[in-house]
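Enquirer: Provided below are the primary sequence and the corresponding predicted coordinates.
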Amino acid sequence: MHEQLIFEHSRSGRSAAAQHPLDAPAASVPDRLRRRSAPLLPEVSELQAVRHFTRLSQLNFSIDTHFYPLGSCTMKYNPRACNQYALLPGFLGRHPLAPESTGQGLLQCLYELQEMLKEVTGMRGVSLTPMAGAQGEFAGVAMIQAYHKARGDLTRTEIIVPDAAHGTNPATATMCGCTVKEIPSLPNGDIDLDALRAAVGPQTAGIMLTNPSTLGVFERRIGEVAHIVHDAGGLLYYDGANLNAILGKVRPGDMGFDVIHMNLHKTFSTPHGGGGPGSGAVGVSERLLPFMPVPVVGCDGARYRWLDQQDLPQTIGRLSAFMGNTGVLLRAYVYMRMLGREGMHRVSEFATLNANYLMTKLTAAGFELAYPGRRAGHEFIITLRREARDYGTTAMDFAKRLLDYGFHAPTTYFPLLVPECLLIEPTETESKEELDAFVAAMVAIREEAKSDPAKLKGAPYTLPVRRLDDVRAAKQLDIAWQAA
Amino acid sequence: MPFIPHTADDIRDMLAAIGAPDTEALFDEIPASLRARSLDAIPPALSEMEVGRLMSERAAADGHRLNFIGAGAYEHHVPAAVWAIVTRGEFYSAYTPYQAEASQGTLQLLYEFQSMMASLTGMAASNASLYDGATALAEACLMAVRAHRKSKSQRILVPVAVNPAYRDVLQAVAGGQKLAFEPLPYDPRGGTTTTASLDKYRGQDITALVIQQPNFFGMLEDVDALTDWAHAAGMLVIAVVNPVSLAVLKPPGEWGTRGADIVCGEGQPLGVPLSSGGPYFGFMTTRMEHVRQMPGRIVGRTVDLDGKPGFTLTLQAREQHIRRSKATSNICTNQGLLVTAATIYMSLLGPQGLAKVASACVQRSAELVAALEKVPGVRVAFSGPRFHEAVLLLDRPVRGVLEALAARGIVGGCDISRDYPALGHALLVCATETRTPQDVETYARALADVMQSAAAA
């Protein structure tokens, strides 16, 4: 299946005229400020546009159409109700700067969302404004810095990250003006505590951790990690990428974390949207309360209002022009209300059941685990290094062939320290049948690898395109269409 | 169990396969001392019907009012087809196109978006979006520091007439990397930034000048003169623009002799509803020579094994998942779904439609200003060409006037008195193509009413 570029459907003089305002006299703009030639926007009918973009949508894999076990991304079902109720006209048509008196319904939803997120994370305060996980990380590290600075502790400029951390962790530390110190993981997936003890000192601002880690296993000695870092004067940052694994079972606040971000687009099921919008709400412990990013929803008795710089003079400031991705927050709110108190722990229970079941079945089928003997959290890693050695087929070859079998590939080549790895996260919303079918596909692909490795190298065959030339894409850069 | 498909038989069989007595056993690596107590502050579950009723009641309570606020988020007509397609599951529930072959829909759409934004802004290269307009400006400033290798100062000139929320975000996002933002005053008569205010920086090492067009007051800056002045002084030029305005206003790529170097802005006016503040998206375009300094996802066109054209994420060596602490930014995703809306919006409007929307905005806001300035106690702050916003000065505090208008079903504008104390009681108003002449009349009558009544004083 192939779809032309929208520009190739374009013909001069054609338009979707129903969308043109009827009463639009030429703008009175001084000549020197006026645009001289029209932009290269397509000239198409409404049907042509609708058909083009509908066809494009059909070229995608998505949760709604395919099992999507992308590790570390929590591709669970996005309930349609969340979308529908976030798009109610009263919320959708509201200008963010309209008087608070005209937005009490919205503010109540957001206030209650803050309260629910505080409860599931064990933190003392929540700010909803960060617009993605990476911005939540930024807010977290900025708060850690602001805390040290407010205490006159000006030498703490170093952030510690495990070598398995998401790339956003070190990149965030740099954006905040910190330096990064990496510490190794042990062969069993736990943090090397001796390396941690050696790394901390008066320069330590904090440590950024994911638990369960990106290796898919729970850091059992988290209590000791917290002691080591706190004793050295540093703070603990919880990267909420894997919160789905522990929701309702253990709370980051109880593990000793001072600040966390939550990916609402993962754990709380807001859509990934082809790569955003996300939402990276942050939760803080008592000592970081004064530094939260603004605005935060406050409640004075019966009325809700936005708290800003005047209410929180030590805030790290404003991270978006308005109040973050409000529509995403409403979706998370609806989701949490439908799960309710009794539904939170079920998320992690069934995510973990599915992951451990899939891990068991793949192991039984002869695939090699990266961290054998450990429980999976909500995800786990297999390494295809034996298949690479014996058949010359890589993890990427398996990933591409899975697409032909109708499965989105797991995360490939992450974390970087495991060779030829697939990071597999089934989530709680997948059925046993779907997991069994995935195992069957993996087994069939390994048979193909054995008998006809070239077949894997050439995969995929059944998608809109075959494997793409990434080197050419970067060298002969074509990132915008030019009229012939 | 909501959204969980497991039957009792499934659970039993799966636990048996794992060799675990119950699901609790799967958490046996978590120290018992850390295990959570019950989550009392979370209310019991609601059915979809119940939560639907709750949300409908709250949304209805917020109601609908006639809106005259802009200030960075603009009410435009969004064609019905836009969100009907955006919310298709294949767009809505897909992720970042890591597996390009299974994501050609999203990737081709992003390529089309990049093409449209590049042309609209008059630049060669666009990324696939950033979080919002404010963070796009912060990223543009950080990018300017990387792109302008000769400048060592990390000093950036930012007019006071740039959106004050954007200036706050600049400080919060880029301040940590020791960028210094220096305010430039505006001309109190024209409400624009003048080259005269720049003269004290002549001969100094300044990395970049930010120019917002139209500026926060809705006034049109003399972009040619400002751009040429900055380039002559060895600075880069960062343009902050409203994409709808570019259907009629000169694109930044044509400002002055050489054009702007980096262009960014808020993409919300392109098919994204106001939605109480977000999600929106930021856009960024630049010259081809700076493309490797640009943050965010970029999609490129290439060929597959059979030589057939296809699309993929490219120049990923700039990004955090490869470069880690040396990346251009920590940004991971873009705002894909909103970009989907914008691309469909621009395709439906086309060059003529978008120009008509922009023209209707200019027309309607001019009518609004003419009608409101006739109200006793109201005058217009600045004179000169505008796009679709204007600052009005009232003879009394704005807040009370806005509350009184809200009670009459009108959201009358944005109170900017706190951000601009020198202006006095200042109200920023906006009218787009969605306001009719009758709406303007309704507002003018209500304002006259409010200004007459002692209650608002």
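Expert: Sure, I can see it.
Enquirer: wouldn't B:Arg303 be in contact with A:Asp469 here?
Expert: Just to correct that, residue B:303 is Val rather than Arg. Yes - the pair B:Val303 and A:Asp469 passes the contact test of Cβ atoms under 8 Å, sitting 5.5 Å apart. For the C-beta atoms, the positions are set from N, CA and C on the backbone; glycine is no exception.
Enquirer: B:Met421: neighbouring residues, count only.
Expert: To be clear, residue B:421 is Pro; Met isn't right here. By other Cβ atoms under 10 Å in any protein chain shown, 9 other residues sit near B:Pro421.
Enquirer: domain-wise, how is chain A divided?
Expert: Taking automatic domain parsing as the reference, chain A has its domains at A:81-339, A:344-470.
Enquirer: give me whichever of those domains is most buried.
Expert: Per residue and on average, the most neighbours among those fall to domain A:81-339, with a mean of 23 (mean count of other Cβ atoms under 10 Å in any protein chain shown).
Enquirer: ends of it, how far apart?
Expert: 12 Å (Cα to Cα, to the nearest Å).
Enquirer: quick check on the nearest residue to B:Ala317 once chain neighbours are set aside: phi, psi?
Expert: Leaving out its chain neighbours, the residue that sits closest to B:Ala317 by Cβ to Cβ, 6 or more residues apart in numbering or on different chains is B:Arg323, at 6.5 Å. Main-chain dihedrals, B:Arg323, degrees, to the nearest 10: phi -90, psi -10.
Enquirer: quick one: B:Arg323 and A:Ala171 touch, right?
Expert: Yes - the pair B:Arg323 / A:Ala171 is scored as a contact, 7.4 Å apart, by Cβ under 8 Å.
Enquirer: give me the common contacts of these two.
Expert: Shared contacts of B:Arg323 and A:Ala171, defined by Cβ atoms under 8 Å, 6 or more residues apart in numbering or on different chains, are absent.
Enquirer: contacting residues around A:Thr174?
Expert: A:180, B:325-327, B:330.
Enquirer: any chance you could map the helices in the stretch 201-350 of chain B?
Expert: B:223-232, B:320-323, B:336-372 (DSSP state H, counting those that start in this stretch).
Enquirer: err, the stretch 51-200 of chain B, not the other one
Expert: B:80-86, B:89-92, B:104-121, B:133-147, B:164-174.
Enquirer: which residues touch the residue lying closest to B:Ala94 once chain neighbours are set aside?
Expert: The shortest distance from B:Ala94 to any non-neighbouring residue, by Cβ to Cβ, 6+ apart, is to A:Ser62 (4.0 Å). Applying Cβ under 8 Å, 6+ apart to A:Ser62 gives the contacts A:68, B:89-94.
Enquirer: care to break chain B down by domain?
Expert: Using automatic domain parsing, chain B is parsed into the domains B:66-76+B:350-456, B:80-344.
Enquirer: where does the chain dip in pLDDT?
Expert: Here I'm looking at chain A. Nowhere does chain A drop to pLDDT under 70.
Enquirer: chain B was what I was after
Expert: Within chain B, the ranges that satisfy pLDDT under 70 run B:454-457.
Enquirer: which residue is nearest the middle of it?
Expert: For chain B, the residue sitting closest to the mean C-alpha position, by Cα atoms, centre = their mean, is B:Glu266 at 2.7 Å.
Enquirer: give the contact list for the residue nearest to that residue when sequence neighbours are not counted.
Expert: Using Cβ to Cβ, 6+ apart and skipping the chain neighbours, the partner closest in space to B:Glu266 is B:Gly133 (2.8 Å). B:Gly133 makes contact with A:321, B:72, B:163, B:166, B:240, B:264-268, B:280, B:282, according to Cβ under 8 Å, 6+ apart.
Enquirer: ok, 6 Å please
Expert: Taking Cβ atoms under 6 Å, 6 or more residues apart in numbering or on different chains, we find B:Gly133 in contact with A:321, B:265-266, B:282.
Enquirer: now do A:Pro271
Expert: A:78, B:92-93.
Enquirer: a strand runs through it, doesn't it?
Expert: No - counting by DSSP: H, G, I helix; E, B strand; the rest coil, A:Pro271 falls outside a strand, being coil.
Enquirer: how close does it get to A:Leu87?
Expert: Separation of A:Pro271 from A:Leu87 (Cβ to Cβ, to the nearest Å) stands at 12 Å.
Enquirer: for A:Ser37, same thing?
Expert: 37 Å.
Enquirer: same check on B:Ile11?
Expert: Between B:Ile11 and A:Leu87 the distance is 35 Å, computed by Cβ to Cβ.
Enquirer: excluding residues flanking it in the chain, which one is nearest the residue of the stretch 201-350 of chain A found nearest chain B?
Expert: For the stretch 201-350 of chain A and chain B, the shortest gap (Cβ to the nearest Cβ) falls at A:Gly340, measuring 2.7 Å. Leaving aside its sequence neighbours, A:Gly340 sits nearest to B:Ala45 (Cβ to Cβ, 6+ apart; 2.7 Å).
Enquirer: tell me the secondary structure for the one you found?
Expert: B:Ala45 ends up coil, using three-state DSSP.
Enquirer: now for B:Leu120: which residues touch it?
Expert: Contacts of B:Leu120 (Cβ under 6 Å, 6+ apart): A:39, B:243, B:246.
Enquirer: excluding chain neighbours, what is closest to it?
Expert: Among residues not flanking B:Leu120 along the chain, A:Pro39 sits closest, at 4.5 Å (Cβ to Cβ, 6+ apart).
Enquirer: the one you found is in contact with B:Ser119, isn't it?
Expert: Yes - here A:Pro39 reaches B:Ser119: they are 4.6 Å apart, a contact under Cβ atoms under 6 Å.
Enquirer: and the nearest residue to A:His272 once chain neighbours are set aside, what are its phi and psi?
Expert: Closest residue to A:His272 apart from its sequence neighbours, by Cβ to Cβ, 6+ apart: B:Tyr95 at 4.2 Å. In this entry, B:Tyr95 is assigned phi and psi values of phi -120, psi 180 (degrees, to the nearest 10).
Enquirer: so which bits of the stretch 151-300 of chain B are right by chain A?
Expert: Residues of the stretch 151-300 of chain B lying close to chain A by Cβ under 6 Å from any Cβ of the partner chain are B:165, B:168-169, B:172, B:176-177, B:220, B:248-250, B:273-279, B:298, B:300.
Enquirer: what about burial for these, which qualify?
Expert: B:165, B:168-169, B:172, B:176, B:220, B:248-250, B:273-279, B:298, B:300 (16 or more other Cβ atoms under 10 Å in any protein chain shown).
Enquirer: flag every residue of the stretch 151-300 of chain A that's near chain B.
Expert: So the stretch 151-300 of chain A meets chain B at A:167-168, A:170-172, A:174-177, A:180, A:218, A:220, A:249-251, A:254-255, A:271-278 (Cβ under 6 Å from any Cβ).
Enquirer: quick one: which of those residues sit in strands?
Expert: Judged by DSSP state E, these include A:Val180 as members of strands.
Enquirer: in chain A, which spans are strands?
Expert: Using DSSP E, strands in chain A cover A:125-127, A:158-162, A:179-183, A:204-209, A:235-240, A:259-262, A:282-284, A:296-300, A:303-307, A:368-369, A:380-383, A:411-412, A:421-424.
Enquirer: residues making contact with the fourth one?
Expert: If you take Cβ under 6 Å, 6+ apart as the criterion, strand A:204-209 is touched by A:144, A:156, A:158-161, A:169, A:229, A:232, A:234-237, A:239.
Enquirer: need the max-distance pair from the contacts of B:Gly133.
Expert: Among the contacts of B:Gly133, the pair separated by the greatest distance (Cβ to Cβ) is A:Ala321 and B:Gly265, at 10.8 Å.
Enquirer: what about the strands in the stretch 301-450 of chain B?
Expert: With strands called from DSSP state E, counting those that start in this stretch, the stretch 301-450 of chain B shows them at B:309-313, B:378-380, B:389-394, B:410-411, B:414-415, B:426-430.
Enquirer: quick one, which of the ones you listed is nearest to B:Gly191?
Expert: Across the strands of the stretch 301-450 of chain B, closest to B:Gly191 is strand B:389-394 (Cβ to Cβ), at 6.7 Å.
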